[in-house]
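S.K.: please find the sequence and the predicted model below.
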Amino acid sequence: MKDLLAEFEASVLRDRVFRRGEKILVAVSGGVDSMVLLHLLSRLAPANGWKLGVAHLNHGLRGRSSDADEALVRRAARQLGWQVFVERIPKGELKQVPKLSLEMAARQRRHKFWAGAAREFGTRKIALAHHADDQVELLFLRLLRGSGAQGLSGMRPLSPLPGHRNLTLARPMLDLEKRDLESYAAQQRVRFRKDATNNAFEIPRNRIRHELLPLLKRHYQPALGTVITRVMKLLGGDAEVIQGLAEDWSENRGQRGQGAARVASFDALPIAVRRRVLHDQLLARKVVPDFALVESLVSHSNRVICAKCTESIQGSQRSWGVSRDGSGQVHLSPVGTDVPAQAALSLDLNARSGRVVYGGVEIRWKILKRNRKAMPLRRRRSQETVEFFDADQVGSSLVLRHWLPGDRYQPIGLAGTRKLQDCFTDLKMARELRQKALVAESIHGDIFWVERLRIGERFKITDRTARVLVWRWRTA
């Protein structure tokens, strides 16, 4: 068997996770991972002058099992001679948190508890029991969500506690595998409790752990953990360089005019750095930095994009318009009032439904699964017109704008494209109406909708259509 204690100590020294004589608050759930972490730190504490505190949050989600976890942690802390901090969440409190999943509500509650316990213990360092297997699961979770290099690089040995920049989360076991922790617990007779929710397949991480990873190890790469860990370290190194370049550029831009060196323009930056500059600004403004939003901001200046926020801004929960100017600076503006005529508006269709007022026209949309019954090309109800498009042909986002001379599109039923100007002439549309006419472009820049004209041929409903974009519009 591996000398897990020696391997653990080497990781702590290499990554400089803890300093001599430091106070360390250890987050302990009662499971095998955190109980082994507490045991390892306790064995090394005398030689390193560490003083440990034990923090346990009783979520109250599993009744007597949660109470048994708490009792085990209290007993272990007492036997090892360490101060213990315990908090119990009233039954049902987490399920009552509005607009948050149970998992997210529990996570935020843990962070708040750790911060309070750390202050009471007099430390800024909180040790967590994440290990190499957690890293692998996290990579696949984030890969399936479409994360970039920084997200795929996984957890770092040291990182700030979210919402508490003066507190540090330490993860000294990231190089240790789960099976070695279990072997150590058996050899050293470390008592722990099993959490039955770890086998609940409705939780995505558990499906990855019990279905996807065994499949990959069995049929593709037996050393999956080693390979994935190596890839994450490589991605992490690349992400650190990009982050550093983005921060340096942003800092130097802010010092222009004060004798600072000449700063490159935003458009002259490598695209990875531009993405990171915008990503950081969005996070700072509490806007979800999803891929479609960042890519739209990278490609277009002075274009207002409808975006979701991670929490209320100025007391409002509604969506906000996001844009960036030519210098790379991100700006927010309320969405719901009319958008200036000169500004194009990008809409994120991942939201499944939405509403916007643009150019004096109210537009509402939603995405539905295909109903195999025949769908009309156009339907009028009072002053509202409803159109139906193949959502997958439109893509994950679209752009609303006013008609421009030279615009072309392919009306439904035609073999080729026509200039919009010719279409307007055929309809004998007044000049003032042409100037106000709205068009919608797909994610690839193809016009699929023109106000008062037929829908685009390539975007019509066919037998192969799986999802339908329902597009309702009327004069506001």
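M.R.: Ah, there it is. Numbers count the residues shown, from 1 in each chain.
S.K.: remind me, longest helix of this structure?
M.R.: helix 224-254 (DSSP state H).
S.K.: contacts for the next helix or strand after it?
M.R.: Later in the chain than helix 224-254, the nearest helix or strand by DSSP states H and E is helix 271-284. The contact list for helix 271-284 (C-beta atoms under 8 Å, 6 or more residues apart in numbering) reads 148-150, 242-243, 245-247, 249-250, 266-267, 269, 288-289, 293-295, 297-298, 307, 322, 324, 328-330. In short, each C-beta sits where N, CA and C put it, glycine included.
S.K.: quick one: buried ones out of the residues you listed?
M.R.: 148-150, 242-243, 245-246, 249-250, 266, 269, 289, 293-295, 297-298, 307, 322, 324, 328, 330 (16 or more other C-beta atoms under 10 Å).
S.K.: so, low pLDDT: which residues of the stretch 1-150 of the chain?
M.R.: 1-2, 91-102 (pLDDT under 70).
S.K.: let's see it at 50
M.R.: 98 (pLDDT under 50).
S.K.: could you do the stretch 351-476 of the chain as well?
M.R.: For the stretch 351-476 of the chain, the stretches with pLDDT under 50 are 374, 376-378.
S.K.: from the centre of the chain, point out the most distant residue.
M.R.: Lys428 (48.8 Å; C-alpha atoms, centre = their mean).
S.K.: please report the distance of it from Val17.
M.R.: Using C-beta to C-beta, to the nearest Å, Lys428 is found at 75 Å from Val17.
S.K.: over to Ile363?
M.R.: The value you get for Ile363 to Val17, if C-beta to C-beta is used, is 53 Å.
S.K.: helices or strands up against the longest helix of the chain?
M.R.: In terms of contacts (3 or more C-beta pairs under 8 Å, 6 or more residues apart in numbering; DSSP states H and E), helix 224-254 is packed against helix 132-145, helix 149-152, helix 213-219, helix 271-284.
S.K.: run through who's touching the host helix or strand of Asn166.
M.R.: Assigned by DSSP H and E, Asn166 falls within strand 164-170. Residues outside strand 164-170 that contact it (C-beta under 8 Å, 6+ apart) are 17-18, 24, 111, 114-115, 118, 124-128, 157-161.
S.K.: type out the PyMOL command that picks the buried ones from these.
M.R.: Listed next is the PyMOL selection for buried residues among those, using 16+ other C-beta under 10 Å:
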select buried, resi 17+18+24+111+114+115+118+125+126+127+128+157+161
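S.K.: ramachandran coordinates for Cys427?
M.R.: No, residue 427 isn't Cys; it's Leu. Per-residue torsions, Leu427: phi -90, psi 0 (degrees, to the nearest 10).
S.K.: ok so, going back, select, out of the helices and strands packed on helix 224-254, the one closest to Gly237.
M.R.: helix 149-152 (9.5 Å; C-beta to C-beta).
S.K.: need the next SSE after that closest one, C-terminal direction.
M.R.: Downstream of helix 149-152 (by DSSP H and E), the next one is strand 158-161.
S.K.: could I get the average pLDDT for that next one?
M.R.: Mean per-residue pLDDT for strand 158-161: 91.
S.K.: what pairs with that strand, and is each one parallel or antiparallel?
M.R.: When pairs are called by DSSP bridges, strand 158-161 turns out to pair with strand 164-170 (antiparallel).
S.K.: if you count neighbours, what's buried in stretch 392-403?
M.R.: Quick answer for stretch 392-403 (16+ other C-beta under 10 Å): 393-395, 397-403.
S.K.: oh sorry, the question was meant for stretch 351-368
M.R.: So stretch 351-368, judged by 16+ other C-beta under 10 Å, has buried residues 351, 354, 356, 358-359, 361-363, 365-367.
S.K.: distance between the ends of it?
M.R.: 12 Å (C-alpha to C-alpha, to the nearest Å).
S.K.: one more: stretch 13-24?
M.R.: OK, stretch 13-24 end separation, C-alpha to C-alpha: 15 Å.
S.K.: flag every buried residue along that stretch.
M.R.: 15, 17-18, 22-24.
S.K.: now, the most widely separated pair of the residues you listed?
M.R.: Asp15 and Lys23 (18.6 Å).
S.K.: look up how far Glu240 lies from Tyr184.
M.R.: Tyr184 is 31 Å from Glu240, by C-beta to C-beta.
S.K.: of those two, which one has the most company?
M.R.: Tyr184 (21 against 14; other C-beta atoms under 10 Å).
S.K.: now do the same contact list for that one.
M.R.: 1, 4, 36, 39, 190.
S.K.: and whichever helix or strand comes after the strand holding Asn166, how far out from the chain middle?
M.R.: The helix or strand immediately downstream of strand 164-170 is helix 178-188, counting by DSSP H and E. Distance of helix 178-188 from the chain centroid (C-alpha atoms, centre = their mean, to the nearest Å) equals 33 Å.
S.K.: just use 21 as the starting number from now, easier for me
M.R.: OK, 21 is where the count begins now, so the last one is helix 198-208.
S.K.: so for helix 198-208, mean pLDDT?
M.R.: 92.
S.K.: tilt between it and helix 244-274?
M.R.: Computed with axes from the mean of the first three to the mean of the last three C-alpha atoms, to 10 degrees, the direction of helix 198-208 lies at 110 degrees from that of helix 244-274.
S.K.: report the angle between helix 198-208 and helix 152-165.
M.R.: Going by the same axes, to 10 degrees, helix 198-208 makes 160 degrees with helix 152-165.
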